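> sequence first, predicted model second:
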Amino acid sequence: MENNSIISKGKVTAIVGNLVEAVSDGPLIQNGICFFQHNDKQIMGEVIKTEGSKAFAQVFESTRGFRTGMDVQFLSNMLEVYLGPGMLTRNYDGLQNDLDKMNGVFLEPGARTYPLDNESVWDFTPVVQKDDTVDAGDWLGEVPEYHISHKIMVPFKLKGTYQVSWIAPKGKYKLTDTIARIKDANGDEKAINMVQTWPVKMPILGYREKLRPGMLFETGVRVIDTMNPILEGGTGFIPGPFGSGKTVLQHALAKQAAADVVIIAACGERANEVVEIFTEFPHLDDPRTGRKLVERTVIIANTSNMPVAAREASVYTAMTIAEYYRAMGLRTLLLADSTSRWAQALREMSNRMEELPGPDAFPMDLSAIIASYYSRAGFTTLNNGKNGSITFIGTVSPAGGNLLEPVTESTKKVARCFFALSQNRADSKRYPAIDPIDSYSKYLEYDEYITYAMREIGENWIDKIDFTKNYLIRGQEVNEQINILGDDGVPVAYHEIFWKSELIDFAILQQDAFDAIDSNTPLKRQKYMLEKVIEVVETNFEFEEFNEVRDFFKKIINLFKQLNYSEFKSSKFDDYERQLEVLIQEKTTVAG
């Protein structure tokens, strides 16, 4: 903390959990940082409300031992993150402390670590020349960091146009070394190094424009890419009860998605799930780069036993880091698990400030807060014409699996993709447990995606998706009738509809996350398999009784599952395909 950033001092007057009330002797800044002097340590907080000289601050650490009359110092800056080379592979907390530099199992009160490594040396290559004009966010140079070219940019905080008065030659430099000097219209010169800061509550606007998403963001998960596609720069969320597979699905997305950088925000997660991320990711191979997955990952960890205020810091820190990588022209995937616990933290602080409660005691402006956060994702065109994106997928953990609760409802208003996890599908071991009927993707209606799909996937791709979804609905309706009337109480044709919908379920919707081949399905293969399933569904068979229908389609489903486990277009794959054709041909020949 810099002494010259202190704008006022004060005394604590009241303490309610992690909400601390204080009186200041000078000016206050909304969302400004403050430090409480406790046992010779400085405990960080954030001013979330002001009333004259009175400040209400949420404290990011435990307030145990706090007392009235304690000294507090108010700063002129908001909560900021340090942005620069060296963030990949790091494990941070919500305040961007490097957890690997911390001592002991538990975080000590007031402990701080610098998030980057000032002693590391980077191979810098300039991309501008002397006398070039630049704006905030423009690239000055680049350094290699694992598989990406990390761009060194004009600080986002600068306003107006600048002229490069000096740029460092190609060579090795530390983060704090000056790599460029730029001057403004008045001739004032600024020295620039590889590190900059940015307040997490404010979006980074270092781009020319934000565009509507139009390109598929491949995840390798069939029920998403085929049935409910999310687009690059798009938004989606995964609500579902505990035990329905949210975490496993998020891990699959982190590993398989077509992203250059993955940011994982473990917001209020149970400690065992966070430890699982820390222990698994360093050993996972990245199928896209052939390197280790952790080399394109940044983890923001905030466990459920940490103070609730830290949850808000963690989600905003994660989004700001994602915006930084987007400004480099990279495809960034941000996964937040779980935004419900962030909303619960907002509810707790709102209640402590005795604000007027909304539904289920959540803040009245919960929808606006969630919408503002989701809006920071997107597909952008940078000042140099390059494109960058943040694709954001959050998870929601509604109490009791109730998808009508306020957090889910508020998120549905802003997220374009709704991946509803079903307890029934999870109980019947149908993973991923995304309900094919309740879930949806509004991107299927976007003209940009329709044009993209016709050009890149197939002329009638959207029609095939609609056909498949409608058939699944018919299959569900028939299944309900069979359950009520019994197998003998409905026509054999109804059984055929049901088992054809089961074929869609087993061959397309279900996927083995622990199989090397089936876990990650490229789009070309997804298209091939969907068309093959539709071909079977549209084939007319004749059956004498329902047992014949069941036995036949169980054989069909088994062959399709073997196809999914086989290398695409391999001899094994072709053999199963021939067996499938023979089986279908025999049945259609008999029917004829």
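It's in.

> please count neighbours and contacts with C-alpha atoms only from this point.
Noted.

> what helix or strand is L116 on?
Under the assignment given by DSSP states H and E, L116 is not contained in any helix or strand.

> kindly report the same for the one 3 residues further on.
Counting by DSSP H and E, E119 is held by no secondary-structure element, helix or strand.

> could you do the one 10 residues further on as well?
Using DSSP H and E, no element contains Q129; it sits outside every helix and strand.

> quick one, phi psi at the closest residue to it other than its chain neighbours?
Computed as C-alpha to C-alpha, 6 or more residues apart in numbering, the closest residue to Q129 that is not its neighbour in sequence is I167, at 6.7 Å. Main-chain torsions, I167, degrees, to the nearest 10: phi -130, psi 140.

> got it, and A185?
Dihedral angles (degrees, to the nearest 10) for A185: phi -60, psi -30.

> please shift the residue numbers so they start at 52 in all later answers.
Done: numbering now begins at 52, and the last item shifts to A236.

> about what we covered before: may I have the beta-bridge partners of the residue nearest to Q180?
On the basis of DSSP bridges, I218 takes part in beta bridges with A231.

> who's in contact with it?
Residues near I218 by C-alpha atoms under 8 Å, 6 or more residues apart in numbering: 177, 179-181, 230-232.

> cool, E553 as well?
G526.

> so what's it scoring on pLDDT?
pLDDT recorded at E553 is 98.

> and if you look at T640?
For T640, the pLDDT comes out at 64.

> so M138 touches I351, yeah?
No - checked against C-alpha atoms under 8 Å, the pair M138 and I351 is beyond contact range at 11.0 Å.

> who's more crowded, those two?
Legend: neighbour count by other C-alpha atoms under 10 Å for M138 and I351, higher for I351 (28 against 21).

> and the more buried one, its phi and psi?
Main-chain dihedrals, I351, degrees, to the nearest 10: phi -110, psi 110.

> who's in contact with it?
142-145, 147, 314-318, 365, 368-369.

> and V71, how far from T64?
V71 sits 8 Å away from T64, going by C-alpha to C-alpha, to the nearest Å.

> which of the two has more residues huddled nearby?
Neighbour totals were compared for V71 and T64, and V71 leads with 25 against 15 (other C-alpha under 10 Å).

> any idea which element the nearest residue to the more buried one once chain neighbours are set aside lies in?
Leaving aside its sequence neighbours, V71 sits nearest to A108 (C-alpha to C-alpha, 6+ apart; 5.3 Å). Following DSSP H and E, one finds A108 within strand 105-110.

> next: N356.
Assigned by DSSP H and E, N356 falls within no helix or strand.

> hmm, back to that, list residues touching both of V71 and T64?
Common neighbours of V71 and T64 (C-alpha under 8 Å, 6+ apart) do not exist.

> V251 is in contact with V132, correct?
Yes - with contacts counted by C-alpha under 8 Å, V132 reaches V251, the gap being 6.7 Å.

> so for these two, which residues contact both of them?
368, 371.

> now go through the contacts of I351 and say which are in helices.
Using DSSP state H, the subset of these located in helices is 365, 368-369.

> low-scoring stretches of this structure, by residue?
Scanning the chain for pLDDT under 70 picks out 52-55, 156, 321-323, 640-643.

> ok, longest helix in the chain?
The chain, longest helix under DSSP H: helix 512-536.

> next, work out how far apart the residue nearest to V71 and P414 are.
Distance, A108 to P414, using C-alpha to C-alpha: 17 Å.

> so which residue is dead centre in the chain?
Central residue of the chain (C-alpha atoms, centre = their mean): L386, 2.2 Å from the mean position.

> how about the helices in the stretch 152-301 of the chain?
273, 297-307 (DSSP state H, counting those that start in this stretch).

> out of the ones you listed, nearest to F518?
Set against F518 and scored by C-alpha to C-alpha, these come closest in helix 273, at 15.9 Å.

> tell me the helices and strands packed up against the longest helix of the chain.
For helix 512-536, the packing partners by 3 or more C-alpha pairs under 8 Å, 6 or more residues apart in numbering; DSSP states H and E come out as helix 498-507, helix 543-555.

> let's go with 7 Å and repeat that
With contacts defined as 3 or more C-alpha pairs under 7 Å, 6 or more residues apart in numbering; DSSP states H and E, helix 512-536 has these neighbours: helix 543-555.

> whichever helix or strand comes after the helix it packs on to helix 543-555, inter-axis angle?
Under the assignment DSSP H and E, the closest C-terminal helix or strand after helix 543-555 is helix 574-588. Orientation note: helix 574-588 sits at an angle of 170 degrees relative to helix 543-555 (axes from the mean of the first three to the mean of the last three C-alpha atoms, to 10 degrees).

> list the buried residues of helix 574-588.
Neighbour-count burial for helix 574-588, with 16 or more other C-alpha atoms under 10 Å as criterion, is recorded at 574, 577-578, 580-581, 584-585, 587-588.

> who touches stretch 494-504?
Contacts of stretch 494-504 from elsewhere in the structure, counted by C-alpha atoms under 7 Å, 6 or more residues apart in numbering, are 265-266, 281, 467, 512.

> also stretch 417-435?
Contacting residues not belonging to stretch 417-435 are listed as 189, 254, 258-264, 283-285, 378, 438-443, 461-462, 465 [C-alpha under 7 Å, 6+ apart].

> rerun at 8 Å
Contacts for stretch 417-435 (C-alpha under 8 Å, 6+ apart): 188-189, 254, 257-264, 283-286, 370, 374, 378, 380, 394, 438-443, 458, 461-462, 464-466.

> quick check: buried residues in stretch 361-378?
For stretch 361-378, the neighbour count (16+ other C-alpha under 10 Å) marks 361-378 as buried.

> mind listing what's buried along stretch 487-499?
487, 490-492, 494-495.

> before we move on, what about stretch 415-423?
The neighbour-count check on stretch 415-423 (16+ other C-alpha under 10 Å) flags 417-418, 421-422 as buried.

> save these as CSV, and put in distance to P206 too.
Converted to CSV, the buried residues of stretch 415-423 look like this (distance: C-alpha to C-alpha, whole Å):
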residue, distance to P206
L417, 32
S418, 32
I421, 27
A422, 27
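
> could you dump those residues to a markdown table with distance to S621 and secondary structure?
Shown next, in a markdown table, are the buried residues of stretch 415-423 (distance: C-alpha to C-alpha, whole Å; DSSP: H, G, I helix; E, B strand; the rest coil):
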| residue | distance to S621 | secondary structure |
| --- | --- | --- |
| L417 | 52 | helix |
| S418 | 50 | helix |
| I421 | 47 | helix |
| A422 | 47 | helix |
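
> ok, which pair from those residues is furthest apart?
Greatest spacing in these, by C-alpha to C-alpha: L417 and A422 (8.5 Å).

> next SSE after the host helix or strand of N475?
Per DSSP H and E, N475 falls inside helix 474-478. Where DSSP H and E defines the elements, the next helix or strand beyond helix 474-478 is strand 491-492.

> same for that following strand, what does it pack against?
Strand 491-492 sits against strand 468-469, with contacts defined as 3+ C-alpha pairs under 8 Å, 6+ apart.

> what's the strand it packs on in contact with?
With contact meaning C-alpha under 8 Å, 6+ apart, strand 468-469 is reached by 279-281, 286-290, 463, 490-494.

> please redo it, this time with the cut-off set to 7 Å
Strand 468-469 is contacted by residues 281, 286-289, 463, 490-493 when judged by C-alpha under 7 Å, 6+ apart.

> also stretch 311-320?
Contacts of stretch 311-320 (C-alpha under 7 Å, 6+ apart): 305, 325, 347-355, 362, 365-366, 369, 373, 381-390, 392-393.

> so where do the strands sit in the stretch 252-401 of the chain?
Counting by DSSP state E, counting those that start in this stretch, the segments of the stretch 252-401 of the chain that form strands are 260-262, 286-290, 312-320, 348-354, 382-388.
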